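S.K.: Structure, please.
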Amino acid sequence: MRPPSQFEENIANQADNEPDPRMGAMMICTRLAGRAIIRVVGRCNEAQENNRLDLSECQLMQVPDAVYHLMRHTELKSCDLSGNVITKIPPKFAVKFSLITALNLSHNQMSKLPEEIADLASLLRLDLSHNTFIALPNAVYKIPKLEYLNASDNHIVDVEVDRLGAAPSLLTVDLRNNPLTVRCHDQLADISHIEISLTPRQKEDWEDLTI
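M.R.: Predicted coordinates:
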């Protein structure tokens, strides 16, 4: 029979030689992260040539600080951040990308925007569709040149109708597939100077009663 000390030493050596089952998953995650970084850097390089930053489907949880650094000498005209898992946009975004005319934030996990978005003085098109907004962000009403707003497929219950109607330049607003209240839906439908797309609302049971 082996002495206990030798037996324990052999067990320890076997344990050291056994591969950690977590290593495979960690290597895959590292590889995926590496590919995502390469993709982001590559698209930043493209944007330096065409002034259009496309970071869609890059597995981003936020806009990396490195992006602002890489773009510091580029006058971007558009920015596409769709198809990521971004939850918020920092205030400095509007400072760093102040000249963009189109911003696509669709298919993310955002529920709010910073007030500084209103400082995007050249922004014409804003896509917020397929996020988790429960109300239109306050900044949206104040973007001076915004003509097109897509806020469809969110969780928006109510809209400040008067402020929307008084927005400086809005021409088209898409609010389809939101759980708007009956009152809000009817008020939005009455706005005529802005083309507002709404999902036809289902009548309440009491509205179908005949007297």
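S.K.: Strands of the protein, start to end?
M.R.: All strands of the chain, identified by DSSP state E, fall at 52-54, 78-80, 102-104, 125-127, 148-150, 172-174, 195-197.
S.K.: Adding mean pLDDT, write the ones you listed out as CSV.
M.R.: Formatted as CSV, the entries for the strands of the chain read as follows, by pLDDT from 0 to 100:
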stretch, mean pLDDT
strand 52-54, 97
strand 78-80, 98
strand 102-104, 98
strand 125-127, 98
strand 148-150, 98
strand 172-174, 98
strand 195-197, 97
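S.K.: Cys184: which of those is closest?
M.R.: Taking CB to CB as the criterion, strand 195-197 is the member of the strands of the chain that comes nearest to Cys184, at 11.2 Å. Backbone N, C-alpha and C define where each C-beta goes, glycine included.
S.K.: Tell me which strands that closest one pairs with, and in which orientation.
M.R.: Each strand paired with strand 195-197, and its direction, by DSSP bridges: strand 172-174 (parallel).
S.K.: pLDDT weak spots in the chain?
M.R.: Per-residue confidence of the chain (counting by pLDDT under 70) places the weak regions at 1-34, 203-211.
S.K.: can you pull out the helices in it?
M.R.: Counting by DSSP state H, the chain has helices at residues 4-17, 21-50, 65-70, 92-96, 161-165, 182-189.
S.K.: before we move on, back to that, redo the strands of the chain as CSV? Include distance to Gly165 and mean neighbour count.
M.R.: As requested, the strands of the chain are exported to CSV (distance: least, CB to CB, whole Å; neighbours: other CB atoms under 10 Å):
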stretch, distance to Gly165, mean neighbour count
strand 52-54, 32, 19
strand 78-80, 27, 22
strand 102-104, 22, 22
strand 125-127, 17, 21
strand 148-150, 13, 21
strand 172-174, 10, 19
strand 195-197, 10, 15
